[in-house]
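**Q** What follows is a predicted protein model with its sequence.
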Amino acid sequence: MSHHIIEFEDVFFRYPDGTEALRGIRFRIIHGESVGIVGANGSGKSTLLQQMNGCLLPTSGTVTIGGISLTRKTRQEIRRKVGVIFQNPDDQLFMPTVFDDVAFGPLNLDLDEACVRERVRRALGTVNGLDLQDKPPHHLSGGQKSSVAIASVIAMEPDILALDEPAANLDSKSRRALILFLKAFKHSKLIASHDLDLILEVCERCIVIGEGRVVADGPSGEILSNRTLLEENSLELPLSLQRG
Amino acid sequence: MTFDTHYFDIGRLDRLSYKNTFVHRLDPRVKVIATMLFLFTVISFPKYEVVGLVPFFLFPALLMAIGEISVRFILRKVLLVSPFAILIGVFNPLLDTQTIAVISGIPISAGVVSFLSILLKFALTVSTALLLIATTSFPGVCHALRRLGLPSLFVSQLLFLYRYIFVLMEEAMRITRARDMRSFGTRGSGIRVFVRLIGTLFVKTVDRAERIYYAMLSRGFKGDIPSLGRTGIKAADLTYLTATVAFLAVFRFYRVTEGIGRLAQGLMQ
Amino acid sequence: MHMADALLSPAVGTALWAGTAAVTGYASKRLKREIDDRMIPLMGVLGAFIFAAQMINFTIPGTGSSGHLAGGMILAILLGSHAAFLVMASVLTVQALFFADGGLLAVGCNIWNMGFYACFLAYPFIYKPLAGSGQKPARILVASLVSAVVALQLGAFSVVLETLLSGKSELPFNTFVLLMQPTHLAIGIVEGFVTAGIINYVRSARPELLECMTMPRPLGASVSLRKILAMFVVLAVITGGVLSWFASTHPDGLEWSIEKVTGKGELPEMAQGIAPVLRRIQEKTAFLPDYNFKPAGNEPKKEAAAQAWPGIEAGTSAAGIIGAAIVLGLILLIGAGIRSFRGRDT
Ligand SMILES: Nc1ncnc2c1ncn2[C@@H]1O[C@H](COP(=O)(O)OP(=O)(O)OP(=O)(O)O)[C@@H](O)[C@H]1O
Ligand SMILES: [Mg+2]
């Protein structure tokens, strides 16, 4: 399926205040691949993920998703395919109750009521959050917020998932559930994280970003065991590899 | 009131509204309408009415009892509320000095009576308004308002406000704590510092709005905030509304209090 | 200053509610047509920002007392008239709900007093012309000061009118005005300084924020001179009318009130036993008959005197007091009863 190929070609991005966050990103992800994105704080991971569905548009270069090049015109269409989960769940959960929040996406897809309810149920079930339905987001713990944020995106049943620090606030059990879910998600996915163990477990491929450029790109096993490369990018070996 | 008390009070009120009692389960529309009717009835009493207002305390009392809301909490909030009404009302005894009663040798002036009336109205309106939000979740109130015909843009405004009040208050609290920790005496709490502090908070807020906007776009936002239809009005809701209206009508149009008093006088004799 | 339910008459409360609802509807409609989607979350979050900012106190120089932001002016400058009005309306509604600040009937008055003047008068007709292109900090300061003072003066004056028209307070017009306007002059000056300070801070720290926000501003050059003039005429007629009405009902203004404060009034009845006194109380606690929808701002004394209450037994009011005590006791009993019953349940 050429549908879910993601291609970044010489993508540059400058924030309005002049910060050059991306300086020539280039990679290609084929359907069904799961790719980890790692790098130091401020290296440009979040900025990169925001290009995936056109929240930010490249200053120069092109992003192509499923054969459609991302522009102001096509981003509505692309947003149906790509689900992006942002770094801060407080910004992701903008509706007053968990149910309303998870239902927001399906409702915008113009599904009927029964279908929306079913999707909400399934998405919340995936993250073990069914009993949180009627709570307002500010009554949730940090980890519960992260879980619901993930549910709110998977309720739209996207073909491609892009996650920014999905495991940041999760306890071991929720983190494990997330890993199982991600492994079961058969479509393409991009995961930006400092949790290298999670990346090692879920992603077969890993891209290292430094100062807005791709520094390394290869199989996770190889990249995440390269101590010098990681240290150059303010990272450490994953715990599971430290003893070896 | 300090920032922290404000913050924790809102949080407490908000948590109360997610309880699960008979009152909490009633349809929010019905509760909004009942509350408005109640307030309207209370303020419709004339200036010098005191006795007729007393039975109306039954309404908040019942709400507190059935809704399992702490009386002390509501009382404290009533006492802490902005005292504008009392500030203005307190002039009445000074200005309207005509004596209209002598109770155990103490002359009572008309101003005292009208001030007492303001005080009672104040306690009734404030406690009932607080009880509405303590027994109805804020999103519930908003959906009720939307279905009662308020503009949807205004209602979504309320919903956003509610969602982010807690986030921003926490942020503001962190900032003020940092200010207070580093300012000794009053040097750090002047206007200059305040302006920079608010400016920083503002910039952060605008950035946050931007991120929220992206999150909304990512989930197909097209300019409208959709919502699913809520449950309809149940028999219990109608019963509640009817009972409230009957209660208000009886105590507004009949002098029940004095009737009871006369009965008691009769019995004593 | 929040207007309170307890001071309102139904007529005034309803009128201001209706006025505010109309403006809210109008602003929503305008915005719906012209708004950039981006503004929807921005407005929501800025409402929360104002809410949080109002809770942070600062020391007012030279006085030692502390103040806080009202926020109407700064919202209008940042978002434009219509959006700012909606945000202000939502902030005040939430305050009425969570803090019972003012109250749910008075919320109409409060949105009007603190939102309408800042957003629809002070901002378009004072701030914008004075601030010009908004590039010079000094001009922004002057414009903020003048517009904040005007907005707060109008708001304070409205509080006076609303209270007096409701007729629950004895404060005479002049005294009330003397009480409210000068305090709000001080508050307005502080508000102006703070508003300008924040705008100038943001302008130097993140100029692009102001630029992108000021673009989708609906009320702007598009307002015709005719509309402005019409608005002024309407306002002039309203204020003129109301003022002259006051002048005619309180011909002797301040003196009248001073006489009222100092003049001890006659207390001859005191010696004559309780009966006539109780009759007076009955007059004062008159029930339905004097409840009507006309503004009850007339002099209460005349009203009370005008109402003859024939055939009232002296015992009625004593009964009232006894009844009140019994009813209160009953309410407490019922409340406590339900509570202990429920307590056993769970
Ligand atoms: N809204 C913004 N305006 C201006 N500059 C920004 C903005 N957001 C991020 N930046 C800058 O862009 C660069 C990349 O930021 P980004 O958030 O993409 O980093 P990151 O890799 O996600 O970092 P982290 O690991 O801390 O999440 C940083 O230098 C940051 O300061
Ligand atoms: Mg990041």
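**A** That came through, no problem. Residues are numbered from 1 along each chain as shown, chains lettered A, B, ... in the order given. Ligands and ions are numbered 1, 2, ... in the order given.

**Q** near chain C at all, the helix or strand that contains residue B:134?
**A** Using DSSP states H and E, residue B:134 falls within helix B:110-135. Yes. Using C-beta under 8 Å from any C-beta of the partner chain, a contact is recorded between helix B:110-135 and chain C, made by B:110-111, B:113-114, B:117-119, B:121-122, B:125-127, B:129-130, B:132-133. C-beta coordinates here come from the backbone N, C-alpha and C atoms, glycine included.

**Q** Which PyMOL command selects the buried ones in those residues?
**A** The PyMOL command for the buried members of those (criterion: 16 or more other C-beta atoms under 10 Å in any protein chain shown) is given here:
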select buried, chain B and resi 110+111+113+114+117+118+119+121+122+125+126+127+129+130+132+133
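
**Q** quick check, nearest of the residues of helix B:110-135 next to chain C to residue A:35?
**A** Distance to residue A:35, by C-beta to C-beta, is smallest for residue B:133 among the residues of helix B:110-135 next to chain C, at 47.5 Å.

**Q** quick one: low-confidence ranges for the stretch 51-200 of chain C?
**A** For the stretch 51-200 of chain C, the stretches with pLDDT under 70 are C:57-68, C:134.

**Q** buried ones in the longest helix seen in chain C?
**A** In terms of residue count, the longest helix belonging to chain C (DSSP state H) is helix C:173-205. The neighbour-count check on helix C:173-205 (16+ other C-beta under 10 Å) flags C:173-177, C:179-180, C:184, C:187-188, C:190-203 as buried.

**Q** Residue C:56 against residue B:196, yeah?
**A** No. Checked against C-beta atoms under 8 Å, the pair residue C:56 and residue B:196 is beyond contact range at 11.8 Å.

**Q** ok, residue 107 - contacts?
**A** Here I'm looking at chain A. Contact analysis of residue A:107 by C-beta atoms under 8 Å, 6 or more residues apart in numbering or on different chains lists A:116, B:226, B:227, B:228.

**Q** nope, chain C
**A** Contacts of residue C:107 by C-beta under 8 Å, 6+ apart are C:17, C:20, C:92, C:93, C:96.

**Q** Tell me where the chain has strands.
**A** Went with chain A since none was named. For chain A, the strands defined by DSSP state E occupy A:6-14, A:20-29, A:34-38, A:60-65, A:68-69, A:82-85, A:160-164, A:188-192, A:205-210, A:213-219.

**Q** my bad, the chain I had in mind was chain C
**A** Using DSSP E, strands in chain C cover C:58-59, C:66-67.

**Q** And chain B, by the same measure?
**A** B:99-103, B:106-109.

**Q** weakest of the ones you listed by average pLDDT?
**A** For the strands of chain B, the weakest mean pLDDT is recorded on strand B:99-103, namely a mean of 72.

**Q** in that strand, what counts as buried?
**A** For strand B:99-103, by 16+ other C-beta under 10 Å, it's B:99, B:100, B:101, B:102.

**Q** these two touch, right, residue B:81 and residue C:98?
**A** No. Counting by C-beta under 8 Å, residue B:81 sits too far from residue C:98 to count as a contact (10.9 Å).

**Q** For stretch B:208-223, what is the distance to the chain centroid?
**A** Relative to its chain's centre, stretch B:208-223 lies at 32 Å (C-alpha atoms, centre = their mean, to the nearest Å).

**Q** Are it and chain A in contact anywhere?
**A** Yes. Using C-beta under 8 Å from any C-beta, stretch B:208-223 reaches chain A at B:208, B:211, B:212, B:214, B:215, B:216, B:217, B:218, B:219, B:220, B:221, B:222.

**Q** which residues does the first one contact?
**A** Think residue B:208. A:91, B:164, B:167, C:45.

**Q** And for the fourth one?
**A** Counting by C-beta under 8 Å, 6+ apart, residue B:214 makes contact with A:50, A:55, A:56, A:86.

**Q** Filter those residues down to the buried ones.
**A** A:50, A:55, A:56, A:86.

**Q** which residue packs closest to the second one, ignoring adjacent ones?
**A** With C-beta to C-beta, 6 or more residues apart in numbering or on different chains as the criterion, residue A:55 has its nearest non-adjacent residue at 3.8 Å, and that residue is residue B:214.

**Q** where does that neighbour land on pLDDT?
**A** So, for residue B:214, pLDDT stands at 88.

**Q** That one and residue B:225, how far apart?
**A** Taking C-beta to C-beta, to the nearest Å as the measure, residue B:214 falls 16 Å from residue B:225.

**Q** can you check residue B:215 too?
**A** From residue B:215 to residue B:225 the distance is 13 Å (C-beta to C-beta).

**Q** Looking at the two, which has the bigger crowd around it?
**A** residue B:215 (27 against 24; other C-beta atoms under 10 Å in any protein chain shown).

**Q** tell me the contacts of that one?
**A** Per C-beta under 8 Å, 6+ apart, neighbours of residue B:215: A:86, A:91, A:92, A:94.

**Q** what residues are up against the third one?
**A** Contact criterion C-beta under 8 Å, 6+ apart gives A:85, A:86, A:149, A:152, A:153, B:215 as the residues in contact with residue A:92.

**Q** Can you report how many residues neighbour the first one?
**A** Read it as residue A:85. 24.

**Q** how many neighbours does the residue nearest to residue A:95 when sequence neighbours are not counted have?
**A** Among residues not flanking residue A:95 along the chain, residue A:101 sits closest, at 3.9 Å (C-beta to C-beta, 6+ apart). By other C-beta under 10 Å, 25 other residues sit near residue A:101.

**Q** same question, residue B:246
**A** When neighbours are counted by other C-beta under 10 Å, residue B:246 comes out with 10.

**Q** and the closest residue to chain C within chain B, how many neighbours does it have?
**A** Residue nearest to chain C within chain B (C-beta to the nearest C-beta): residue B:160, separated by 2.3 Å. Residues lying near residue B:160 (other C-beta under 10 Å) number 27.

**Q** ok, now how distant is it from ligand 2?
**A** 24 Å (C-beta to the ion, to the nearest Å).

**Q** List the residues that contact that residue.
**A** A:94, C:40, C:41, C:43, C:44, C:45, C:47, C:48.

**Q** go with 7 Å
**A** A:94, C:41, C:44, C:45, C:47 (C-beta atoms under 7 Å, 6 or more residues apart in numbering or on different chains).

**Q** what does residue C:209 give?
**A** If a contact means C-beta under 7 Å, 6+ apart, then residue C:209 has B:203, B:206, C:202 as its contacts.

**Q** near ligand 1, from the residues you listed?
**A** Checked against ligand 1 using C-beta under 6 Å from any ligand atom, these give no members in range.

**Q** Let's have those residues in a markdown table, adding pLDDT and distance to ligand 2.
**A** Shown next, in a markdown table, are the contacts of residue C:209 (pLDDT from 0 to 100; distance: C-beta to the ion, whole Å):
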| residue | pLDDT | distance to ligand 2 |
| --- | --- | --- |
| B:203 | 87 | 19 |
| B:206 | 88 | 19 |
| C:202 | 84 | 25 |
